[in-house]
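Return a 3D structure for these sequence lines:
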Amino acid sequence: MSQTPPAGPATLADGVRFAFGTLTVLPARLTRWDRPAARAGMLCAPLAGLAVGLLAAALGTGLLLAGAGPLLAAVATAAVPAVLTRGLHLDGLADTADGLGSGKPAEDALRIMKQSDIGPFGVITLVLVLFAQVAALAELYGQGWARGALAAVAAAAAARLALTLASRAGVPAARPEGLGAAVAGVVSRGAALAVVAVVATACAAAALPLGPAAVARQLVAVLAALAVSELLLRRCVARFGGVTGDVFGALSETAATTALVVLTLG
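Next up is the predicted model:
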């Protein structure tokens, strides 16, 4: 009986296609769905975040420079990531909130998360998170288009960087199928930390034209986003027995919101 040959090492192109094909709706032909491709893809996840952030910043900045107010620019900026993910990360956030808030055993909580409707915990969480994102972006755009644009890019990069960390070795999948099972534990801890260092440094360096305080604020925002998403990750693993696609969506939105809020401080 013939057997399927083992998949070979994934290339950078495989990783980029996996990251963009699973984390955005931007054109990317997903040609591999195996562990090597998933590993490369989750290491490239911040690149997908960078693309989303740049598009969000471009729309918000364009509106601001065209004469729109900071609030409208903020709403447009917050809308772009939702559109470019078909709302899946927001849906994952709502489902995870419903699962965590249900008080049910892990199996029942996971069943609640798979339902198509959104419960009260999910609705409340969505409203508060979106309000927080828009409020933070409006305040930052009010300080100048550059601060708002940098914040949009840093938040989107941090959101996907949180997924790289959540895919590290030792983090189990809660279900045997789905995105969570495909990427759980595929990234080595060393590789995940290396990507964190590169992305955090790049986000901080991008703020150099705004001065040392802005550089420090960008770095702290990214690290705070990862810290808060890590707390949520640990809670979800303890509660559900591992990660799911919904949990990944929740981690992404949590990291993005945290980064934006921190950037308004100081």
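
Strands along the stretch 151-266 of the chain, start to end?
Shown for the stretch 151-266 of the chain, no strands are assigned by DSSP state E, counting those that start in this stretch.

can you give me the helices in it?
Using DSSP state H, counting those that start in this stretch, the helices of the stretch 151-266 of the chain run over residues 178-183, 189-206, 212-240, 245-263.

With mean pLDDT and distance to E139 as extra columns, can I get these in TSV?
For the C-beta atoms, the positions are set from N, CA and C on the backbone; glycine is no exception. What follows is those, written out as TSV (pLDDT from 0 to 100; distance: least, CB to CB, whole Å):
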stretch	mean pLDDT	distance to E139
helix 178-183	84	33
helix 189-206	96	19
helix 212-240	96	13
helix 245-263	97	9
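
Out of those, which is closest to A48?
helix 245-263 (10.4 Å; CB to CB).

counting contacts, what elements does the closest one pack onto?
Secondary-structure packing of helix 245-263 (3 or more CB pairs under 8 Å, 6 or more residues apart in numbering; DSSP states H and E): helix 88-101, helix 120-142, helix 145-166, helix 178-183, helix 212-240.

TSV for those helices, including mean neighbour count?
TSV is the format used below for the helices and strands packed on helix 245-263 (neighbours: other CB atoms under 10 Å):
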stretch	mean neighbour count
helix 88-101	24
helix 120-142	19
helix 145-166	28
helix 178-183	21
helix 212-240	19
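
For F121, which of the helices of the stretch 151-266 of the chain is the nearest?
With CB to CB, the closest approach to F121 among these belongs to helix 245-263: 11.7 Å.

send the alpha carbons of the closest one over as CSV?
Extracted in CSV, the C-alpha atoms of helix 245-263 (Å, rounded to 0.1, in the frame of the first residue of the first chain):
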residue,chain,number,x,y,z
GLY,A,245,-9.1,29.3,16.0
ASP,A,246,-11.5,31.4,18.1
VAL,A,247,-8.8,31.7,20.8
PHE,A,248,-6.3,32.9,18.2
GLY,A,249,-8.8,35.6,17.1
ALA,A,250,-9.3,36.6,20.7
LEU,A,251,-5.6,36.9,21.3
SER,A,252,-5.1,39.0,18.2
GLU,A,253,-7.8,41.5,19.1
THR,A,254,-6.7,41.6,22.8
ALA,A,255,-3.1,42.4,21.7
ALA,A,256,-4.1,45.1,19.3
THR,A,257,-6.4,46.8,21.8
THR,A,258,-3.8,46.7,24.5
ALA,A,259,-1.1,48.2,22.2
LEU,A,260,-3.5,51.0,21.2
VAL,A,261,-4.5,51.8,24.8
VAL,A,262,-0.8,51.8,26.0
LEU,A,263,0.1,54.2,23.2
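
Could you tell me the angle between it and helix 120-142?
40 degrees (axes from the mean of the first three to the mean of the last three CA atoms, to 10 degrees).

Can you list the buried residues in helix 245-263?
Of all the residues in helix 245-263, those buried under the rule 16 or more other CB atoms under 10 Å are 245-263.

Check stretch 70-84 too.
Those would be 70, 72-82, 84, for stretch 70-84 by 16+ other CB under 10 Å.

contacts for that stretch?
24-26, 52-53, 55-57, 59-61, 63-64, 89-90, 130, 133-142, 148, 152, 156, 159, 256 (CB atoms under 8 Å, 6 or more residues apart in numbering).

about what we covered before: of the helices of the stretch 151-266 of the chain, which is nearest D108?
Ranking those by proximity to D108 (CB to CB) places helix 212-240 first, at 10.6 Å.

Pull the contacting residues for R32.
A7, A10, D14, R17, F18.
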